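> Need the 3D shape of this:
(2 chains)
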Amino acid sequence: MNWIQAAISGVLLGGLYALYATGLSLSFGVMRLINLAHGDLAVMAAFLSSTLVLSFGGSPFWTILVLMPVGFGVGVLLQKVVFDRLVGVDPAFQIVATFGLSIVIQNALLKVYTADRRALDIGPLKTKAFKIAEVSIGLFPLLRFVVAVLVLVSLSLFLGRTSTGRAFRATSDDPEAARLMGINSRAIYMIASGIAVSTVFLAGIFSGAQTNFASSDGPGLLIFAFEAVIIGGLGSLWGTLAGGIALGLAQTLGAEQFTDWPAQLFGHVLFLIVLAVRPNGLFGRAEA
Amino acid sequence: MSDQIPTSKLGYSLGRRRFLALSGGSIAAAVLAACSKSNKGGGTTQAPSTTGGTATTSGSTGTTGAPATTTVGLTGGGGGDGTIKIGYVSPKTGSLAAFGAADDYVIKGINDLVKDGLRVGGKSFAVTILVEDSESNPDTAAAKAAKLIDQDAVDLILVSSTPETTNPVSDTAEASGVPCISTVAPWQPWLIGRGGKPGADASFKWTYHFFWGLEDVIATFLAMWGQVSTDKTVGGLFPNDGDGNAWGDKTNGFPTPLKNAGYTLVDPGRYENLNQDFTAQINAFKTAGCDIITGVVIPPDFPTFWKQAKQGGFVPKVASVGKALLFPESIKALGSDGAGLTSEVWWSPSHPYKSSLVGRSAKEVTDLYTSDTGNQWTQPLGFAHALFEVAFAALAAAGSADKTAVRDAIKTLSVDTIVGTVTWGGDGPSPNVAKTKLVGGQWRAAKTPTGFDLVIVDNSGNPDVPTGGTVEPITS
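Next comes the predicted model:
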């Protein structure tokens, strides 16, 4: 029964990792851009949410309605100011520029919010749970998982069914040709960045409600997002979900078997195994 | 140009390779960043060096050998005979920030007290207190201590709050030959964690510590658990840090005394601080049917564990956890789930002691703190104050700010502080350690700034402190 309990915790934790990874997967899929400040943006969102709650009261949930559009705006702005200059250039510039951005965000957060840890209080929901047989399922982790799936479903519908989505895929496949067909690739990039940042804002708020956060947590979150993307396979949003779940499962099941080992280790090991055995990831397209 | 077009034409397959290459580099970068901030625990030892600055001269004439008696008359005189510099390191921000929350208040009070100087050896010295924030990081703590010693040339270092702060600072002071007094870390992680040995021989030349030990917290927890009818099965939460390794240690920590007292300890092993998921631990406790939870958990981690335990339908009858449940703010963060949790109590308004500097009782000090700041009293408030009581007593006994004289004065110092009598060279576990006493408390709903108050429920470790009730089991 413990194993089932651990497996369910792992799947639900995987939902959070998938939510973290969605934006990373999208911005790489469309622009081939690696944003090393991805995790720091999540932490920033959690702090902003906490500021809003402290100023206006209520539950952190309403701040999602405010902060997701804000995240979209931040994404568009970052695209215009920073990322646009990085598309298609030597990847080393991407690393340096976004790593710099990560340091800037971390230090700005440190300056404003100090090194103190904070948590978002979601009230009684934080301990609510229901039981199926002997296995209990936390309501909040379940909600977080459902939200992650909804985000991925809607993104996938958006990419598959709308004309803007088609433009996304076209730009992703061949920006030059897409431009010849009259697609404004810069506008596409802005939308992609906007969506990426607003999903990671959502992830940051959900994570801040389950545990807690401090200004220097970003790089740690970035690792989970990376691993979820790589385990799942690039170019597949469903792969990202699967990758997140696999990562969560590796951590909780690993910790269940070897309680005196750090749980994160098992996620890293799975990541390395996938990289060695199936470098395209579980759902990645085969190499041409 | 040549860079751009092929990239886009090749599309996914090259992109994927590039992604892997990039992510390899980025993960390496992120891991580096993560490592640099990771807690290295009590193990951050700079090997104590014997090349101590103003080395040991036997002519420590300032030492009287007799216990120093200190009074309020210690201060005053205008401070015209030079300056004594005292460095103070504590975690004011970061995951241990709750420990340092009262520091600014205490230091402001001390600064007011000595604004007209401190009388030492018939002269009046101006006192400068240089405060540094460890940011809850052992590396930062060591760096700040080095800065205090090298740049500011302090005469004495004071350090407080958890082995992650006290140990790196003490090690730095020891290596540089600067006297250092530390507190608010059980003596085992401080002494043994730095490579010292209990016994009649001094382990360190320059660093001295006062606080209680694991034997006290074990006795206190056992006494509290004895008040409640349980199945005597205890789940242990011991993280992989200085405290967790000391508390969970098979020979010096919890396992042996608990076994001797008839309790079964379920220890799922060391977990990493700031853990995201406690399912494995909760499963282990549930399977074993633990009625009691104990451990030494950093303040941000306990709410994560407790939320998950409740989500998982696991509610023990007693939860006595060190470190995490010390602070009213931490209990408030748990909401109604905070009532009934039990903790070790090193100091409280019920403690019948007075400050040797300001003459106020513990109750007067906490009341004044609440009326001045609007915040509820915390235990480090008393110990931060006591640290300065001890420091000024040492300076008075030394008769000068000479490092060797101060160090020799601490060796035999005995001061009646607001946290009780602090005596080195007495019956402590090591000449470097002075022990204070411990009682047990339970959080109850109350009319305080946070809605909770810590009620003393066990005083077997220090009968001087009156109890305010007995342990009530956690019900939901």
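> looking only at pLDDT, what's the mean for stretch A:92-107?
Stretch A:92-107 comes out with an average pLDDT of 92.
> One more: stretch B:105-115?
The model assigns stretch B:105-115 a mean pLDDT of 93.
> next one: stretch B:354-374
pLDDT averaged over stretch B:354-374 gives 93.
> who touches that stretch?
Stretch B:354-374 is contacted from outside by B:70-72, B:74-75, B:102, B:105, B:109-110, B:113, B:347-353, B:375-377, B:381-382, B:385, B:388-389, B:392-393, B:415-418, B:449, using CB atoms under 8 Å, 6 or more residues apart in numbering or on different chains. All C-beta atoms are positioned from the backbone trio N, CA, C, and that covers glycine.
> Would you mind checking the residues you listed for buried ones?
B:70, B:74-75, B:102, B:105, B:109-110, B:113, B:347-351, B:353, B:375-377, B:381-382, B:385, B:388-389, B:392-393, B:415-418 (16 or more other CB atoms under 10 Å in any protein chain shown).
> Name the strands paired with the host helix or strand of B:Gly87 and say parallel or antiparallel.
Per DSSP states H and E, B:Gly87 falls inside strand B:83-90. Take DSSP bridges as the rule and strand B:83-90 pairs in its sheet with strand B:123-133 (parallel), strand B:156-160 (parallel).
> Give me the mean pLDDT for it.
On average, strand B:83-90 scores 96.
> Quick check, the residue in chain A closest to chain B?
A:Asp260 (2.3 Å; CB to the nearest CB).
> Which residue is the nearest non-sequential neighbour of that residue?
Nearest residue to A:Asp260, sequence neighbours excluded (CB to CB, 6 or more residues apart in numbering or on different chains): B:Gly269, at 2.3 Å.
> Would you agree the one you found falls within a helix?
No: counting by DSSP: H, G, I helix; E, B strand; the rest coil, B:Gly269 is located in no helix; its state is coil.
> That one against A:Gln257, yeah?
No: look at B:Gly269 against A:Gln257 with CB atoms under 8 Å: they stay out of range, at 11.3 Å.
> Neighbour count for these two, which is higher?
B:Gly269 (17 against 12; other CB atoms under 10 Å in any protein chain shown).
> Contact partners for the more buried one?
B:Gly269 touches A:Phe258, A:Thr259, A:Asp260, A:Trp261, B:Phe238, counting by CB under 8 Å, 6+ apart.
> Next one: the residue of chain B found nearest chain A relative to A:Thr259, how far apart?
Closest to chain A within chain B is B:Gly269: 2.3 Å, counting by CB to the nearest CB. Distance of B:Gly269 to A:Thr259, computed by CB to CB, to the nearest Å: 4 Å.
> what do you get for A:Leu221?
24 Å.
> and if you look at B:Ile418?
42 Å.
> Next: A:Thr51.
A:Thr51 is 37 Å from A:Thr259, by CB to CB.
> Looking at those two, which has the bigger crowd around it?
A:Thr259 (17 against 14).
> Got the phi and psi for the more buried one?
phi -70, psi -20 (degrees, to the nearest 10).
> related to what we said a few turns ago, got a winner among the contacts of B:Gly269 for most neighbours?
That'd be B:Phe238 among the contacts of B:Gly269, by other CB under 10 Å, with 25 neighbours.
> and it, what does it touch?
B:Gly244, B:Asn245, B:Trp247, B:Gly248, B:Gly253, B:Phe254, B:Asp267, B:Gly269, B:Arg270, B:Tyr271, B:Gly295, B:Val296.
> SS state for the first one?
Of the three states, B:Gly244 takes helix under three-state DSSP.
> Next, count neighbours for it.
By other CB under 10 Å, neighbour count at B:Gly244 equals 28.
> And the closest residue to it other than its chain neighbours, how far from B:Asp277?
Computed as CB to CB, 6+ apart, the closest residue to B:Gly244 that is not its neighbour in sequence is B:Phe238, at 4.2 Å. Per CB to CB, B:Phe238 is found 17 Å from B:Asp277.
> For the stretch 251-400 of chain B, list the residues in contact with chain A, please.
B:268-272, B:274-277, B:279-281, B:283-284, B:286-287, B:299-300, B:303-304, B:306-308, B:310-313, B:333, B:335, B:337 (CB under 8 Å from any CB of the partner chain).
> Filter these down to the ones in helices?
B:279-281, B:283-284, B:286-287, B:303-304, B:306-308, B:310-311, B:333 (DSSP state H).
> Excluding sequence neighbours, find me the nearest residue to B:Asp453.
Closest to B:Asp453 by CB to CB, 6+ apart is B:Ala446, at 3.5 Å.
> mind listing the helices for the stretch 351-476 of chain B?
In the stretch 351-476 of chain B, the helices defined using DSSP state H, counting those that start in this stretch lie at B:362-373, B:379-398, B:403-411.
> Can you tell me which of those is most buried?
Counting by mean count of other CB atoms under 10 Å in any protein chain shown, helix B:379-398 has the highest mean neighbour count of those, with a mean of 26.
> just the strands paired with strand B:83-90: most buried one?
It is strand B:156-160: most buried of those by mean count of other CB under 10 Å, with a mean of 27.
> Now do that strand and helix B:403-411, the angle between them.
40 degrees (axes from the mean of the first three to the mean of the last three CA atoms, to 10 degrees).
> Between helix B:379-398 and strand B:156-160, find me the angle.
Using the same axes, to 10 degrees: strand B:156-160 against helix B:379-398 is 160 degrees.
> Since that was my last question, I'll sign off now.
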